[in-house]
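Peer 1: sequence plus predicted model, see below.
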Amino acid sequence: MAKAAALPETAVYRTSVESTCAHALSILQSDATDAEVEVALGLGQLEEQVLAAKDELNLMAMMSDWKPWEGVRWRC
């Protein structure tokens with residue numbers, strides 16, 4: 001979640017990522033087995049989730065560059 005801190009607090013993308021990560025972290029910190037974690041997250045196998053998390057980190061860097069929360073600037 002450290003990379004998300006670089007995004008504006010009001011950015012919907014940031015709040016979504018933080019919420020998703022906090023939910024997953026709470027499940028991972030429980031005493032659940034791997035199978036129970038997979039069911040609780042409902043997002044596939046843990047290996048798939050690790051790959052998805054890495055992709056999300058890459059996307060977060062791109063979103064930081066793109067700054068979609070600033071809106072579109074039209075040239076006329």
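Peer 2: Everything's here; your move.
Peer 1: ranges for the strands of the chain?
Peer 2: Assigned by DSSP state E, the chain shows no strands.
Peer 1: ok, longest helix in it?
Peer 2: Scanning the chain for the longest helix, with DSSP state H as the assignment, gives helix 46-66.
Peer 1: mind giving me the packing neighbours of that helix?
Peer 2: helix 12-28, helix 34-41 (3 or more CB pairs under 8 Å, 6 or more residues apart in numbering; DSSP states H and E). C-beta: built from backbone N, CA, C; applies to glycine.
Peer 1: what would these look like in TSV with mean neighbour count and distance to Lys67?
Peer 2: Formatted as TSV, the helices and strands packed on helix 46-66 follow (neighbours: other CB atoms under 10 Å; distance: least, CB to CB, whole Å):
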stretch	mean neighbour count	distance to Lys67
helix 12-28	14	10
helix 34-41	14	30
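Peer 1: can you redo these as JSON lines with distance to Lys54 and mean pLDDT?
Peer 2: JSON lines is the format used below for the helices and strands packed on helix 46-66 (distance: least, CB to CB, whole Å; pLDDT from 0 to 100):
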{"stretch": "helix 12-28", "distance to Lys54": "13", "mean pLDDT": "95"}
{"stretch": "helix 34-41", "distance to Lys54": "16", "mean pLDDT": "96"}
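Peer 1: against Lys67, how distant is Arg73?
Peer 2: Counting by CB to CB, to the nearest Å, the gap from Arg73 to Lys67 is 11 Å.
Peer 1: between the two, which is the more surrounded one?
Peer 2: Lys67 (11 against 5; other CB atoms under 10 Å).
Peer 1: quick one: the more buried one and Thr20, what's the gap?
Peer 2: Taken as CB to CB, the span from Lys67 to Thr20 is 21 Å.
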